[in-house]
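**Q** Based on what follows, work out the 3D shape:
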Amino acid sequence: MQVFPEKIDVFLTKIFFMRVHFIAIGGSAMHNLAIALFKKGYTVSGSDDEIFEPSKSRLAAHSLLPPFNGWNPEQITDELDAIILGMHAKADNPELLKAIELGIRIFSYPEYLYEQSKNKKRVVIGGSHGKTTITAMILHVLQHACIDCDYMVGAQLEGFDVMVRLSEEAQVMLIEGDEYLTSPIDRRPKFHLYKPDIALLSGIAWDHINVFPTFENYVEQFEIFISLISVGGSLVYCSDDEDLRHIAPGSRDDISIIAYSAPNYLIEKGVTSVIFQGEKFPIQIFGRHNLINLEGARLVCNQLGISDLNFFDAIKSFKGASKRLELVAKNGTRTVYKDFAHAPSKVKATLQAVKEQFPERKVIACLELHTYSSLNQNFLHHYQGTMDPADAAIVYFSPHALALKRLPEITAGQVKEGFGKPGMEVFTNSTQLIQRLLQEKGPEAVLLMMSSGNYDGVDLKDFGTQWVSLAND
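**A** Okay, here's the model as predicted:
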């Protein structure tokens, strides 16, 4: 019997990596992969020093929740086939050290995804912003078109149990390509490991300054990503982005390079429609940045054999990804949205989208500084002007988050100076922040809550319901 090398790779993976232990299983991506492998028939265990919702409940539902918080090297035995190491763990993690001592094969999260997809067509969506939404759009359209695919997307989507799927049958793997580090022992950006056949870059806006100390160093990671696209593959890029316009055209002569920008659109009575080839296609999302994302998704879908008409037929039912301009609560005059925006470009684009969609309403914008970059006093000036469109601007940060990240303290004065927004308020106590927002009594208002965190445990659903009800007081 003739045996092909690529078939041997798959065979060996199936045999040798069926018993897997996750170090830092509670992460948003890690717990999804753990559940996906469990559903695939693998024996899965894991550990973490703290696990929050929704990871905690979702792991518990599959009997994968660790029985205790913390690390236990005794869990690491030579009966394990592989370790999957999360970014939350440290290089001196006792379980990791035990695995190294025993010679167990250690994968980072992206390494393992590549291992599972190297015999498939890989579609990788990268960029400083919009990649979750674009990935979610493509996945939505593929599902509508009944095209089987594996995937990894960074947010919960309506109609999907987990946000990682790994199968033997699917010929396509759709991956959201994050530029952050691979693992505590691998300093490569995650998206460098996927080696795409079809790639998209949505834009470049300096982020993760704790890892990429200069903008030039950050841009270089995207240049490397382009160099890793397979020969004969394609790169779809946003031509609105000045830096992509500089590095993408002419970067490779052995791949197809396709530019995209915002499509024509209009807003009528609060509903956004795309105008394409003379036809009007109403959609459920809004904001110019989301329209740009939609256009990128359309061109990737074209690369996968989906026609424009089929794309628009599918995308009209797309409601957005979790925490991406996600509706929290509304009534006739008040609306609350939450959004993952944290980097300056994301904050600006999200706020502009809300102002454009609700020009007649008062817009209250509330931003939590939660990432390493946003909590760095030397980075704050990059937020200059980002909150200007807001009628009322509020910034929150937690001194506890600064302590956990081992960053120097910042002051309310430094935050106000960085943003440069007259009248902006700054809070460091989430209880006081909520009390302030509940004092906003006027009707005809939109509240935009932006954060990659959770405002120190605020239940936004309960708060949003309470906030919209104030219009009736």
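
**Q** Can you show me the helices along the stretch 51-200 of the chain?
**A** 55-61, 94-102, 109-117, 131-144 (DSSP state H, counting those that start in this stretch).

**Q** Can you name every helix or strand that the last one contacts?
**A** The helices and strands touching helix 131-144, judged by 3 or more Cβ pairs under 8 Å, 6 or more residues apart in numbering; DSSP states H and E, are strand 121-126, strand 172-176, helix 288-303, helix 308-315. (Each C-beta comes from the backbone N, C-alpha and C, glycine too.)

**Q** Dump these to CSV, plus distance to R334 and mean pLDDT.
**A** Shown next, in CSV, are the helices and strands packed on helix 131-144 (distance: least, Cβ to Cβ, whole Å; pLDDT from 0 to 100):
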stretch, distance to R334, mean pLDDT
strand 121-126, 34, 98
strand 172-176, 33, 97
helix 288-303, 22, 96
helix 308-315, 28, 97
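
**Q** could the helices of the stretch 51-200 of the chain be laid out in CSV, adding mean pLDDT and distance to P67?
**A** Formatted as CSV, the helices of the stretch 51-200 of the chain follow (pLDDT from 0 to 100; distance: least, Cβ to Cβ, whole Å):
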stretch, mean pLDDT, distance to P67
helix 55-61, 94, 11
helix 94-102, 97, 15
helix 109-117, 93, 23
helix 131-144, 94, 32
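
**Q** most tightly surrounded among these?
**A** Most buried of the helices of the stretch 51-200 of the chain, by mean neighbour count (mean count of other Cβ atoms under 10 Å): helix 131-144, with a mean of 25.

**Q** what's next to it, contact-wise?
**A** Helix 131-144 is contacted by residues 123, 125, 127, 149, 151, 153-155, 157, 159-160, 172, 174-178, 200, 202, 290, 293-294, 296-297, 300-301, 304, 306, 310-311, 313-315, 317-318, 320-321, 324, 340 when judged by Cβ atoms under 8 Å, 6 or more residues apart in numbering.

**Q** picking up where we left off before, P213 is nearest to which of the helices and strands packed on helix 131-144?
**A** Proximity to P213 (Cβ to Cβ) singles out strand 121-126 among the helices and strands packed on helix 131-144, at 20.4 Å.

**Q** neighbouring strands for the closest one, and are they parallel or not?
**A** strand 172-176 (parallel), strand 198-201 (parallel) (DSSP bridges).

**Q** Now do that strand against helix 288-303, angle only.
**A** Per axes from the mean of the first three to the mean of the last three Cα atoms, to 10 degrees, the angle that strand 121-126 makes with helix 288-303 is 170 degrees.

**Q** what's next to strand 121-126, contact-wise?
**A** Here strand 121-126 makes contact (Cβ under 8 Å, 6+ apart) with 114, 131, 134-135, 138, 171-179, 191, 194-202, 222, 225, 300, 303-304.

**Q** now the helices: where do they sit in the stretch 351-473 of the chain?
**A** Listed in chain order, the helices of the stretch 351-473 of the chain (DSSP H, counting those that start in this stretch) span 399-404, 412-419, 430-437, 460-469.

**Q** residues making contact with the third one?
**A** Residues outside helix 430-437 that contact it (Cβ under 8 Å, 6+ apart): 364, 366, 394, 396, 398, 425, 427, 447, 455-458, 463, 467.
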